[in-house]
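A.B. asks: sequence first, then the predicted structure, then my questions.
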Amino acid sequence: MEENIVPHSFLITKKQRNKLKNHNAFLLWFTGLSGSGKSTIANAVEVALFKQGIHTYTLDGDNVRKGLNSNLSFSPEDRTENIRRIAEVANLMVDAGIVILAAFVSPYEKDRNDIKNIVGEDNYIEIFVNTSVEECERRDVKGLYAKARAGEIKNFTGISAPYEAPQNPAIEIDTTKTSVTEAVSVILNHIENSLKLNNE
Ligand SMILES: Nc1ncnc2c1ncn2[C@@H]1O[C@H](COP(=O)(O)OS(=O)(=O)O)[C@@H](OP(=O)(O)O)[C@H]1O
Ligand SMILES: Nc1ncnc2c1ncn2[C@@H]1O[C@H](COP(=O)(O)OP(=O)(O)O)[C@@H](O)[C@H]1O
(Lines give C-alpha, C1' and ligand atoms only; values in the text may rest on other atoms or scores of the structure.)
(Ligands and ions follow the chains in the order given, each with its own letter.)
Protein backbone atom coordinates (compact mmCIF):
# COMPACT_ATOMS: atom_id res chain seq x y z
CA MET A 1 0.00 0.00 0.00
CA GLU A 2 2.59 2.50 1.17
CA GLU A 3 4.55 2.55 -2.12
CA ASN A 4 1.47 3.96 -3.92
CA ILE A 5 1.17 6.92 -1.57
CA VAL A 6 2.86 9.95 -3.08
CA PRO A 7 3.39 12.76 -0.58
CA HIS A 8 1.97 16.15 -1.48
CA SER A 9 4.20 19.15 -0.91
CA PHE A 10 2.24 21.57 1.20
CA LEU A 11 2.68 25.29 0.66
CA ILE A 12 2.72 26.23 4.32
CA THR A 13 5.65 24.78 6.27
CA LYS A 14 6.19 23.89 9.90
CA LYS A 15 8.68 26.74 10.12
CA GLN A 16 6.02 29.22 8.98
CA ARG A 17 3.51 27.83 11.47
CA ASN A 18 6.07 28.14 14.27
CA LYS A 19 6.70 31.74 13.21
CA LEU A 20 2.98 32.46 13.39
CA LYS A 21 2.93 31.14 16.97
CA ASN A 22 6.30 32.73 17.76
CA HIS A 23 7.65 29.55 19.34
CA ASN A 24 8.98 26.16 18.32
CA ALA A 25 6.97 23.00 18.87
CA PHE A 26 8.10 19.64 20.27
CA LEU A 27 6.96 16.70 22.34
CA LEU A 28 7.42 16.46 26.10
CA TRP A 29 6.98 12.76 26.91
CA PHE A 30 6.32 11.82 30.54
CA THR A 31 6.93 8.16 31.41
CA GLY A 32 6.59 6.44 34.78
CA LEU A 33 4.43 4.13 36.84
CA SER A 34 0.74 4.73 37.41
CA GLY A 35 0.53 7.27 40.24
CA SER A 36 4.11 8.44 39.78
CA GLY A 37 3.00 12.00 39.07
CA LYS A 38 3.07 12.22 35.26
CA SER A 39 -0.33 13.91 34.87
CA THR A 40 0.11 16.20 37.87
CA ILE A 41 3.45 17.51 36.60
CA ALA A 42 2.40 17.64 32.93
CA ASN A 43 -0.68 19.67 33.88
CA ALA A 44 1.34 22.12 35.96
CA VAL A 45 3.87 22.54 33.12
CA GLU A 46 1.02 23.12 30.66
CA VAL A 47 -0.48 25.85 32.87
CA ALA A 48 2.92 27.57 33.13
CA LEU A 49 3.49 27.39 29.35
CA PHE A 50 -0.04 28.56 28.56
CA LYS A 51 0.52 31.63 30.75
CA GLN A 52 3.57 32.42 28.60
CA GLY A 53 1.38 32.37 25.49
CA ILE A 54 2.61 28.98 24.30
CA HIS A 55 0.11 26.87 22.35
CA THR A 56 -0.03 23.52 24.18
CA TYR A 57 -2.05 20.31 24.26
CA THR A 58 -1.95 17.38 26.66
CA LEU A 59 -2.41 13.79 25.50
CA ASP A 60 -3.11 11.29 28.27
CA GLY A 61 -5.13 8.20 29.06
CA ASP A 62 -8.30 10.21 29.58
CA ASN A 63 -8.47 11.57 26.06
CA VAL A 64 -6.70 8.76 24.20
CA ARG A 65 -7.56 5.40 25.77
CA LYS A 66 -11.24 6.40 25.88
CA GLY A 67 -11.29 7.44 22.21
CA LEU A 68 -8.68 6.71 19.54
CA ASN A 69 -7.32 3.70 21.45
CA SER A 70 -10.48 2.40 23.08
CA ASN A 71 -9.96 -0.95 21.34
CA LEU A 72 -6.59 -1.55 23.03
CA SER A 73 -5.86 -3.54 26.18
CA PHE A 74 -2.79 -3.60 28.42
CA SER A 75 -1.15 -6.62 26.77
CA PRO A 76 2.45 -5.91 25.67
CA GLU A 77 1.35 -5.81 21.98
CA ASP A 78 -1.53 -3.42 22.66
CA ARG A 79 0.65 -1.14 24.79
CA THR A 80 3.09 -0.96 21.87
CA GLU A 81 0.25 -0.08 19.48
CA ASN A 82 -1.11 2.45 22.01
CA ILE A 83 2.25 4.23 22.14
CA ARG A 84 2.78 4.04 18.36
CA ARG A 85 -0.57 5.70 17.61
CA ILE A 86 0.02 8.37 20.25
CA ALA A 87 3.46 9.09 18.79
CA GLU A 88 1.96 9.46 15.31
CA VAL A 89 -0.73 11.83 16.62
CA ALA A 90 1.87 13.80 18.57
CA ASN A 91 4.00 14.02 15.43
CA LEU A 92 1.13 15.61 13.49
CA MET A 93 0.36 18.00 16.34
CA VAL A 94 4.01 19.04 16.65
CA ASP A 95 4.03 19.60 12.89
CA ALA A 96 0.95 21.79 13.42
CA GLY A 97 3.01 23.96 15.76
CA ILE A 98 1.73 22.82 19.14
CA VAL A 99 3.85 21.92 22.18
CA ILE A 100 2.58 18.48 23.17
CA LEU A 101 2.68 17.05 26.66
CA ALA A 102 2.10 13.29 26.67
CA ALA A 103 1.70 11.35 29.92
CA PHE A 104 1.71 7.58 29.46
CA VAL A 105 3.20 4.72 31.46
CA SER A 106 5.06 3.65 28.28
CA PRO A 107 6.93 0.88 30.08
CA TYR A 108 9.02 -0.48 27.21
CA GLU A 109 12.34 1.01 26.14
CA LYS A 110 11.82 -0.11 22.54
CA ASP A 111 8.45 1.65 22.28
CA ARG A 112 9.97 4.86 23.65
CA ASN A 113 12.80 4.63 21.10
CA ASP A 114 10.17 4.29 18.40
CA ILE A 115 8.50 7.52 19.56
CA LYS A 116 11.85 9.26 19.13
CA ASN A 117 12.11 7.90 15.60
CA ILE A 118 8.56 8.95 14.73
CA VAL A 119 8.79 12.57 15.95
CA GLY A 120 12.53 12.97 15.36
CA GLU A 121 15.22 13.11 18.02
CA ASP A 122 15.27 16.93 18.10
CA ASN A 123 11.54 17.04 18.83
CA TYR A 124 11.52 14.45 21.62
CA ILE A 125 12.15 15.36 25.24
CA GLU A 126 11.83 12.40 27.58
CA ILE A 127 10.92 13.04 31.20
CA PHE A 128 11.23 10.08 33.55
CA VAL A 129 8.93 10.56 36.53
CA ASN A 130 10.86 8.24 38.80
CA THR A 131 8.67 7.31 41.74
CA SER A 132 9.15 3.91 43.33
CA VAL A 133 6.42 1.33 43.11
CA GLU A 134 6.22 1.37 46.93
CA GLU A 135 5.43 5.10 46.90
CA CYS A 136 2.94 4.78 44.00
CA GLU A 137 1.23 1.96 45.84
CA ARG A 138 1.12 3.99 49.05
CA ARG A 139 -0.54 6.86 47.11
CA ASP A 140 -2.81 4.48 45.17
CA VAL A 141 -4.60 7.49 43.67
CA LYS A 142 -7.11 5.40 41.72
CA GLY A 143 -7.23 2.30 43.95
CA LEU A 144 -5.72 0.24 41.12
CA TYR A 145 -2.71 -1.11 43.07
CA ALA A 146 -5.07 -2.66 45.63
CA LYS A 147 -7.04 -4.25 42.79
CA ALA A 148 -3.83 -5.48 41.13
CA ARG A 149 -2.63 -7.03 44.42
CA ALA A 150 -6.01 -8.70 44.77
CA GLY A 151 -5.57 -10.16 41.29
CA GLU A 152 -8.51 -8.17 39.92
CA ILE A 153 -6.30 -6.42 37.32
CA LYS A 154 -3.90 -8.54 35.30
CA ASN A 155 -0.64 -7.23 33.78
CA PHE A 156 -0.50 -4.23 36.09
CA THR A 157 2.73 -2.29 35.58
CA GLY A 158 5.04 -2.52 38.58
CA ILE A 159 3.07 -5.41 40.12
CA SER A 160 2.54 -8.03 37.45
CA ALA A 161 3.96 -6.38 34.34
CA PRO A 162 7.41 -4.84 33.82
CA TYR A 163 8.50 -1.21 33.77
CA GLU A 164 11.80 -0.68 31.97
CA ALA A 165 13.31 2.48 33.43
CA PRO A 166 14.71 4.94 30.85
CA GLN A 167 18.51 4.70 30.64
CA ASN A 168 19.13 8.20 29.38
CA PRO A 169 16.14 10.51 29.92
CA ALA A 170 16.53 14.22 29.21
CA ILE A 171 15.07 14.91 32.65
CA GLU A 172 14.53 12.65 35.66
CA ILE A 173 12.28 13.67 38.53
CA ASP A 174 12.11 11.85 41.86
CA THR A 175 8.78 13.06 43.22
CA THR A 176 9.67 12.00 46.76
CA LYS A 177 12.44 14.62 46.72
CA THR A 178 11.13 17.17 44.19
CA SER A 179 7.91 19.17 44.63
CA VAL A 180 5.55 19.81 41.71
CA THR A 181 6.67 23.46 41.66
CA GLU A 182 10.34 22.43 41.55
CA ALA A 183 9.66 19.87 38.82
CA VAL A 184 7.94 22.56 36.71
CA SER A 185 10.88 24.86 37.12
CA VAL A 186 13.40 22.13 36.11
CA ILE A 187 11.36 21.36 32.98
CA LEU A 188 10.82 25.02 32.03
CA ASN A 189 14.55 25.71 32.37
CA HIS A 190 15.35 22.71 30.20
CA ILE A 191 13.03 23.75 27.35
CA GLU A 192 13.59 27.50 27.44
CA ASN A 193 16.00 27.49 24.49
CA SER A 194 14.10 24.83 22.55
CA LEU A 195 11.05 27.11 22.53
CA LYS A 196 12.93 30.01 20.93
CA LEU A 197 12.71 30.50 17.17
CA ASN A 198 15.99 30.59 15.28
CA ASN A 199 16.59 34.01 13.74
CA GLU A 200 16.64 32.85 10.13
N1 LIG B 1 -2.71 -3.22 33.62
C2 LIG B 1 -2.47 -1.91 33.74
N3 LIG B 1 -1.20 -1.46 33.83
C4 LIG B 1 -0.97 -0.13 33.96
N5 LIG B 1 -1.95 0.82 34.01
C6 LIG B 1 -3.23 0.40 33.92
C7 LIG B 1 -3.54 -0.97 33.79
N8 LIG B 1 -4.90 -1.09 33.74
C9 LIG B 1 -5.41 0.14 33.83
N10 LIG B 1 -4.42 1.06 33.95
C11 LIG B 1 -4.66 2.50 33.99
O12 LIG B 1 -4.32 2.95 32.70
C13 LIG B 1 -3.30 3.96 32.73
C14 LIG B 1 -2.11 3.58 31.89
O15 LIG B 1 -2.44 3.71 30.54
P16 LIG B 1 -1.30 4.03 29.49
O17 LIG B 1 -1.98 4.22 28.19
O18 LIG B 1 -0.48 5.17 29.98
O19 LIG B 1 -0.45 2.68 29.53
S20 LIG B 1 0.66 2.16 28.52
O21 LIG B 1 1.54 3.30 28.21
O22 LIG B 1 0.00 1.66 27.33
O23 LIG B 1 1.39 1.10 29.23
C24 LIG B 1 -2.87 4.08 34.16
O25 LIG B 1 -3.10 5.44 34.39
P26 LIG B 1 -2.04 6.46 34.95
O27 LIG B 1 -2.31 6.38 36.39
O28 LIG B 1 -2.49 7.72 34.33
O29 LIG B 1 -0.65 6.12 34.59
C30 LIG B 1 -3.83 3.24 34.99
O31 LIG B 1 -4.72 4.10 35.67
N1 LIG C 1 6.22 15.86 43.84
C2 LIG C 1 5.11 15.36 43.28
N3 LIG C 1 4.94 15.41 41.94
C4 LIG C 1 3.83 14.88 41.36
N5 LIG C 1 2.81 14.29 42.05
C6 LIG C 1 2.94 14.22 43.39
C7 LIG C 1 4.08 14.74 44.06
N8 LIG C 1 3.94 14.53 45.39
C9 LIG C 1 2.77 13.91 45.54
N10 LIG C 1 2.15 13.74 44.36
C11 LIG C 1 0.81 13.12 44.20
O12 LIG C 1 0.97 11.90 43.50
C13 LIG C 1 -0.19 11.64 42.73
C14 LIG C 1 0.24 11.43 41.29
O15 LIG C 1 -0.89 11.10 40.52
P16 LIG C 1 -0.95 11.34 38.96
O17 LIG C 1 -0.38 12.67 38.59
O18 LIG C 1 -2.33 11.04 38.52
O19 LIG C 1 0.07 10.21 38.45
P20 LIG C 1 0.15 9.51 37.04
O21 LIG C 1 -0.37 10.47 36.02
O22 LIG C 1 1.61 9.20 36.87
O23 LIG C 1 -0.67 8.26 37.15
C24 LIG C 1 -1.12 12.85 42.87
O25 LIG C 1 -2.09 12.58 43.85
C26 LIG C 1 -0.16 13.94 43.35
O27 LIG C 1 -0.79 14.91 44.13
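C.D. replies: Okay, I see it. Numbering: from 1, shown residues only. Ligands and ions are numbered 1, 2, ... in the order given.
A.B. asks: for the nearest residue to V99 once chain neighbours are set aside, give me its contacts.
C.D. replies: Once flanking residues are discounted, V99 sits nearest to T56: 4.8 Å by Cβ to Cβ, 6 or more residues apart in numbering. In short, each C-beta sits where N, CA and C put it, glycine included. With Cβ atoms under 8 Å, 6 or more residues apart in numbering as the criterion, the residues that contact T56 are E46, L49, F50, I98, V99, I100, L101.
A.B. asks: and F128, how many residues sit next to it?
C.D. replies: 22 (other Cβ atoms under 10 Å).
A.B. asks: near ligand 1 at all, the helix or strand hosting it?
C.D. replies: According to DSSP states H and E, F128 maps onto strand 124-129. No. Strand 124-129 stays clear of ligand 1 (Cβ under 6 Å from any ligand atom), getting no nearer than 9.5 Å.
A.B. asks: against which helices or strands is that strand packed?
C.D. replies: strand 27-31, helix 38-51, helix 109-119, strand 171-173, helix 180-195 (3 or more Cβ pairs under 8 Å, 6 or more residues apart in numbering; DSSP states H and E).
A.B. asks: run a quick neighbour tally on the residue of the chain found nearest ligand 2.
C.D. replies: Proximity of the chain to ligand 2 (Cβ to the nearest ligand atom) peaks at G37, 2.7 Å away. Neighbours of G37 under the rule other Cβ under 10 Å: 26.
A.B. asks: what's the closest non-adjacent residue to it?
C.D. replies: Per Cβ to Cβ, 6+ apart, closest to G37 is T175, 4.3 Å.
A.B. asks: the one you found is in contact with K38, isn't it?
C.D. replies: No. At 9.6 Å, T175 and K38 do not qualify as touching, with contact defined as Cβ atoms under 8 Å.
A.B. asks: look at the two and report which has more neighbours.
C.D. replies: More neighbours surround K38 than the other of T175 and K38, with 28 against 23 (other Cβ under 10 Å).
A.B. asks: ok, the more buried one to ligand 1 distance?
C.D. replies: In this view, K38 and ligand 1 are 6 Å apart by Cβ to the nearest ligand atom, to the nearest Å.
A.B. asks: what residues of the longest helix seen in the chain count as buried?
C.D. replies: Ranked by number of residues, the top helix in the chain under DSSP state H is helix 76-95. Neighbour counts over helix 76-95 (16 or more other Cβ atoms under 10 Å) mark 79-83, 86-87, 89-91, 93-95 as buried.
A.B. asks: ligand 2 contacts on this structure?
C.D. replies: Residues of the chain lying near ligand 2 (Cβ under 6 Å from any ligand atom): 32, 34-41, 103, 139, 141, 175, 178-180, 183.
A.B. asks: make a PyMOL selection of the buried ones in those.
C.D. replies: Buried residues among those (16+ other Cβ under 10 Å), as a PyMOL selection:
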select buried, resi 32+34+35+36+37+38+39+40+41+103+175+178+183
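A.B. asks: what do T175 and K38 both touch?
C.D. replies: V129.
A.B. asks: does G37 touch I127 like I think?
C.D. replies: No. The pair G37 and I127 does not pass the contact test of Cβ under 8 Å, sitting 10.3 Å apart.
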